[in-house]
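Q: structural data only, the sequence is not supplied:
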């Protein structure tokens, strides 16, 4: 079974802090994605990566950056957290041999 | 821009009945459409995929239809059970092979015993 893990289930940070969210997948997938999920807005794509050191902006990249130094790991970085970044963050991975994306359990981030 | 609507935010049905969830989209048809289940506090889990040239797909008690004329997909759960209670998301990919999915906001289904 594909497993996607995220470093924290719950995280509380203060405005202005730098925040790192880590995602690891164990199935050698080329593609990895970061979404945020908010009530009434659904899942929105922040960034994705189709290979090591490659990244592409999604629909809402402002205020975020990403890092993919190793194939299995995709990090989401909030350079200076703000209260409007309070959300559920979901990581996913995909390879062309599958139909679907595989999601991690999510990190619920609260920025105070 | 593309828009996806799941027109029921919440749906309550009696155990044993068939639940029908709707996903509508605008503009041109996607290469394929997927349905996911999401339980509270967890990530979405894939259920079914249907391609633009398919009318219907089944998996156990689940059935998905895809009408490119109406720009609509219907997701059915027959003989529903309380364990089917969850949020169901539709997701569309407009670029074949890229798997860049656009998600609807979801329908929260509650099956009442």
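A: Nice, I can see it. All values derive from a computational prediction rather than experimental measurement.

Q: any idea which element the closest residue to residue A:49 other than its chain neighbours lies in?
A: Nearest non-adjacent residue to residue A:49, counting by CB to CB, 6 or more residues apart in numbering or on different chains: residue A:68, 4.5 Å away. Placement of C-beta: from N, CA and C, glycine included. Assigned by DSSP states H and E, residue A:68 falls within strand A:65-70.

Q: show me what that strand is packed against.
A: Applying 3 or more CB pairs under 8 Å, 6 or more residues apart in numbering or on different chains; DSSP states H and E, we find strand A:65-70 packed against strand A:42-49, strand A:73-78.

Q: at 6 Å instead, please
A: On a contact count with 3 or more CB pairs under 6 Å, 6 or more residues apart in numbering or on different chains; DSSP states H and E, strand A:65-70 meets strand A:73-78.

Q: state the number of residues packed around residue A:102.
A: Other residues within reach of residue A:102 by the criterion other CB atoms under 10 Å in any protein chain shown amount to 22.

Q: identify the bridge partners of it.
A: Counting by DSSP bridges, residue A:102 is bridged to residue A:93.

Q: go on, the one 5 residues further on?
A: According to DSSP bridges, residue A:89 are recorded as the beta-bridge partners of residue A:107.

Q: what's the helix or strand where residue B:57 lies in contact with?
A: Taking DSSP H and E as the criterion, residue B:57 maps to strand B:56-59. Contacts of strand B:56-59 with the rest of the structure, by CB atoms under 6 Å, 6 or more residues apart in numbering or on different chains, involve B:48, B:50, B:64, B:65.

Q: perfect, I'm done here.
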